[in-house]
Structures are given as structure tokens and as C-alpha cells.
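Chemist: A structural model of the following input is requested.
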Amino acid sequence: MKFQTGLPNHLAIDKTKKATGDIILNLIATAVPLFVLQFLIQPYVARVIGTEKYGAVLTIISLLNIGMGIFGSPLNNARLIDDQYYKETKGDYNIFLSLLSLLNTIFIFIAIRSYNFDIDWISYLLLLLISILSVVSSYLEADYRIHLNYKRIMLSKLVQTVGYGFGCLLFAKTKRWEWIFFVGFGLKLIYSFFTTSLWKEPFGITSNIRKTTKRIFFLVFSSAIGSILVYLDRLVIFPLFGGTELSIYYAASIVGKTVNLATDPLAGVLLSYLAKMKSVSRKQFSFYILALVVLAIIGYFVCFVISKPLISILYPDCLPRAMLYVPYTVAAAMLGIVYSFVWPLVLRFGKNSYPFLITVSKAALYILVIVLTIKRVGIMGVAYATLLATGLQALLAIILGITTSTRQQS
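Modeler: Below is the predicted model of the structure:
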């Protein structure tokens, strides 16, 4: 897909080569920690503590990821998009960073308390510290994306993976799984402090504060709904059906969830380059969508085939029942991939309210399907809701993308 950049051909080719290199670096940066965490460390934790307790762990991890998605990722994306306004006048963002870090800590505390997890004060303290580390490290990563330095992103992820490993050793000795994420995010943040400069910016308020506040407001609220929806299956299944049932559903969705998590950073690469682009035509956008749909169809069959052998290795006790949900979880994951690669265009060239509109629509359909089906078909209702809501999300993103590209052509 070629964007309208106004560059000579040889410069456009150089930029394409760099973009390809950045995608490869980001694939490595994403694949390594994902593989270590999803396919080595978490199955090991499940074997040590059992499926029922593991369901509780999955729910807490989901809450941590939701917090980072609500308060960390939007700040990262907003800083990337607004960088042009802060090249000369520095400020605003460290104030937002402090505020959103505090809000995330409050959110995690209230969320964990509301579920009445059986954890002591040491675990509470570690989880609250993890919530702060995750937001700050997520924001500082914007520095790498602003300068298109994906080598640094890869190195930071590798440092984080090493931290996961050390944290796992502490888990083996203490049986506190929180060490895994505390050490992982902690080492990544230390690396970021030595290799970024955003944290050095002043705490002053600039003339851009109103525009920045509005952008962050829309991104935070749309991300709140979107992040909750990503993990809502766990948040619903655990209190209603218990930790064992959640472990089974998680096993069924592990391939799809992993693929989705892997594509999010790649979409981040796309947004990094889009931030420097002028426009995209309707013809280019249509070709892009066609390619995404073809890849999603191929991806469905590949993921479906590998799900059974993979689940049998990682979560053998969950295999028979988990396979009932696999067709739905994999299909939802492929629709999620389509959305992941369309939303950066909508975010970059569309209105600030577009991401909010998409996520609200998805949330409404998801909740409606849950209410109508969960009493009749149990956990399968969650699978139905995820598939239909993700399909609507992808469709709306495509429609808004077409509208945006059409408006730029006129």
C-alpha cells in the first residue's frame, strides 16, 4: 500500500525498505516476550498453582492489561500524533503521565477489591507498583516511535523478557506470580530511562493543553471501552462460572489472543508512519482492505489447524472442552486483526470521535448478546458475543475509513 507522500521515487523506496525493516524488528520485539510469557511462563504457573487458582490469576492479569490499555496506550498514541506541536514548546505530557498513572493505581485497587481475590498486602503492593510501571513504560515507548527507532523498541522488549525470566525464578521460590510482571516491567522502565528523553520534559502547561486534553479524553474513553471488551470474557466468566471454566476458555482462545496481541504493535508501526503522511486515497484504502480480508481468511484456517496440538501441549487438561470454542475464538481473532490494521488510518485521518463511536457500538452489541444468550448457552454466549461484536467493530472501521479517504480525495 503506497501513501501519498509527495516524495521522489528513490526516497519512497528507501522509506518502504525502512518500514519493512521496522516491521521485522517489531515482529521480533513482539514475538519473543509473547512466546516466553504465553507459551512458557504462564502454562508453568498454571501447572504449579492449578486451574482454579490460575483462573483468578488470568483475571488479575486482565485487569492490569485493561489499566495499561486505558491509561498507558492512549497517552503513547496521543504523544506520537501531537509530536509536531511539541517540538519547540515542551510540556503538558508529564502532567498527564502523572495523572493517568495515579488514576490507573486507583482503578487497579478498586477492581481487585471488587473481585475479593484471596491475596495479601504484599501482592496488593506489587500489583499497584506494576500498574504504575506499565503506564510509565508504555508512555516512554512513544519516544522510540516518534523517532522511528524500532531497534530500541526491540531491545526494550528483550530486556522485559529477561525480566520475566528472573521474575519466574522468584515465583518458583516464593509462589508469588506478581514478581514475573514486576521485574519484567521494572527492567524495561530502567532501560527506557537510559534511552529516552520524554521523561525529562518540564511539567509546565503549554498553549496546546486544550487540544491535547481533548485528544487524550477521546482516546482514554474509547480505549477504556475497547480494553474492557478485549478482556470482558475473563471478567464475566470468572465470577459466573469459576476459575476452572475460565482456564478452559482461555486455552481455547490462546492462539487467537496471541495473534491479536502480536498484531497490535505492528499496527503501531503503521500509525508511526501515518503520523508523517499527508493522505490516503480511496483506491489505495480499498486495495488495503482486500489484502487484509484475504490474509484474515488464510489466518483463520492456519490458526484453527494449529490450535488443537498447541492446546494439547500447553493445557492438556482443558483440551476436549476447549475445542468447542476454538472456531469462534479464532474467527473473532481474525476480525480483530482486520480492525487492528484499519483503526490507525481512522485515528490518523478521521475525527477524534471515531474510535469512541466504534468502541461504543461494539460494547452495546457485546452486552446485548451476552444478556440474551448466556443463561441459555452458558460460556458459548461469550463466544457468540465476542465474534459478533468484533465483526461489527471491523465493519464500522472499514466504513469510516472509506468515508475518510473519500473526503480527502474531494
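Chemist: so residue 117, which state does it fall into?
Modeler: coil (DSSP: H, G, I helix; E, B strand; the rest coil).
Chemist: give me the number of residues near the residue lying closest to it once chain neighbours are set aside?
Modeler: Excluding the flanking residues, the one nearest residue 117 by CB to CB, 6 or more residues apart in numbering is residue 56, at 5.8 Å. Yep, even glycine has a C-beta here, placed from its N, CA and C like the rest. Residue 56: 19 surrounding residues under other CB atoms under 10 Å.
Chemist: same thing with residue 238?
Modeler: Neighbour tally, residue 238, other CB under 10 Å: 22.
Chemist: I figured it hits residue 59, correct?
Modeler: Yes - contact status for residue 238 versus residue 59: in contact at 4.5 Å, counting by CB atoms under 8 Å.
Chemist: that older thread, and the helix or strand where the residue nearest to residue 117 lies, average pLDDT?
Modeler: Using DSSP states H and E, residue 56 sits within helix 51-71. When pLDDT is averaged along helix 51-71, the result is 91.
Chemist: next, the buried residues of that helix.
Modeler: 51, 53-71 (16 or more other CB atoms under 10 Å).
Chemist: the residue nearest to residue 117 contacts residue 239, doesn't it?
Modeler: No - with contacts defined as CB under 8 Å, residue 56 does not count as touching residue 239, sitting 10.5 Å away.
Chemist: tell me, what's touching these two both at once?
Modeler: Common neighbours of residue 56 and residue 239, using CB atoms under 8 Å, 6 or more residues apart in numbering, do not exist here.
Chemist: quick one: contacts for residue 72?
Modeler: Applying CB under 8 Å, 6+ apart, the residues contacting residue 72 are 100, 104, 134-139.
Chemist: and with 10 Å instead?
Modeler: 65, 97, 100-101, 104, 131, 133-141, 223, 227 (CB atoms under 10 Å, 6 or more residues apart in numbering).
Chemist: also residue 328?
Modeler: Per CB under 10 Å, 6+ apart, neighbours of residue 328: 252-253, 256, 380, 382-388.
Chemist: please, which helix or strand holds it?
Modeler: helix 326-349.
Chemist: quick one: the next helix or strand after that helix to chain centroid distance?
Modeler: Downstream of helix 326-349, the first helix or strand assigned by DSSP H and E is helix 354-377. Computed by CA atoms, centre = their mean, to the nearest Å, the separation of helix 354-377 from the middle of its chain amounts to 19 Å.
Chemist: what residues of helix 354-377 count as buried?
Modeler: Within helix 354-377, the residues that count as buried by 16+ other CB under 10 Å are 354-359, 361-363, 365-366, 369-370, 373-374.
Chemist: got any ranges where the stretch 51-200 of the chain has weak pLDDT?
Modeler: Regions of the stretch 51-200 of the chain meeting the criterion pLDDT under 70 are absent.
Chemist: on that earlier part again, out of the contacts of residue 328, which are inside helices?
Modeler: Using DSSP state H, the subset of those located in helices is 252-253, 256, 380, 382-388.
Chemist: list buried residues within those residues.
Modeler: Buried among the ones in helices among the contacts of residue 328 (16+ other CB under 10 Å): 252-253, 256, 382-388.
Chemist: got the contact list for the spatially closest residue to residue 377 that is not a sequence neighbour?
Modeler: Leaving aside its chain neighbours, residue 377 sits nearest to residue 384 (7.5 Å; criterion: CB to CB, 6+ apart). Listed by CB under 10 Å, 6+ apart, the contact partners of residue 384 are 328, 332, 366, 369-370, 372-374, 377.
Chemist: now residue 205
Modeler: 91-92, 95, 212.
Chemist: just the buried members of these?
Modeler: 91-92, 95, 212.
Chemist: pipe those into a markdown table and attach distance to residue 23 and secondary structure per row.
Modeler: Output for the buried ones among the contacts of residue 205, formatted as a markdown table (distance: CB to CB, whole Å; DSSP: H, G, I helix; E, B strand; the rest coil):
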| residue | distance to residue 23 | secondary structure |
| --- | --- | --- |
| 91 | 33 | coil |
| 92 | 31 | coil |
| 95 | 33 | helix |
| 212 | 29 | helix |
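Chemist: wait, which of the residues you listed is closest to residue 204?
Modeler: residue 91 (4.0 Å; CB to CB).
Chemist: buried among the contacts of residue 72? Make that a ChimeraX selection.
Modeler: Of the contacts of residue 72, the buried ones can be selected in ChimeraX as follows, counting by 16+ other CB under 10 Å:
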select :65,97,100,101,104,131,133,134,135,136,137,138,139,140,141,223,227
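Chemist: among the contacts of residue 72, which are located in helices?
Modeler: 65, 97, 100-101, 104, 131, 133-141, 223, 227.
Chemist: backbone dihedrals for the residue nearest to residue 38 when sequence neighbours are not counted, please?
Modeler: Using CB to CB, 6+ apart and skipping the chain neighbours, the partner closest in space to residue 38 is residue 258 (5.3 Å). Reported as degrees, to the nearest 10, the phi and psi values for residue 258 are phi -60, psi -40.
Chemist: so residue 258 touches residue 329, yeah?
Modeler: No - the pair residue 258 / residue 329 is not scored as a contact, 11.0 Å apart, by CB atoms under 10 Å.
Chemist: neighbour count: these two, which is higher?
Modeler: residue 329 (26 against 20).
Chemist: the more buried one: what's it in contact with?
Modeler: 233, 249-257, 303-304, 307, 322, 382-383, 386-387 are the contacts of residue 329 under CB under 10 Å, 6+ apart.
Chemist: swap in residue 61?
Modeler: 37, 42, 45, 127, 130, 177-178, 180-181, 231, 234.
Chemist: tabulate those (a markdown table), appending neighbour count, distance to residue 148 and secondary structure.
Modeler: Formatted as a markdown table, these follow (neighbours: other CB atoms under 10 Å; distance: CB to CB, whole Å; DSSP: H, G, I helix; E, B strand; the rest coil):
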| residue | neighbour count | distance to residue 148 | secondary structure |
| --- | --- | --- | --- |
| 37 | 22 | 26 | helix |
| 42 | 23 | 32 | helix |
| 45 | 21 | 36 | helix |
| 127 | 24 | 34 | helix |
| 130 | 27 | 29 | helix |
| 177 | 25 | 35 | coil |
| 178 | 24 | 34 | helix |
| 180 | 25 | 31 | helix |
| 181 | 26 | 28 | helix |
| 231 | 19 | 30 | helix |
| 234 | 23 | 35 | helix |
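Chemist: out of the residues you listed, which is nearest to residue 396?
Modeler: residue 231 (20.6 Å).
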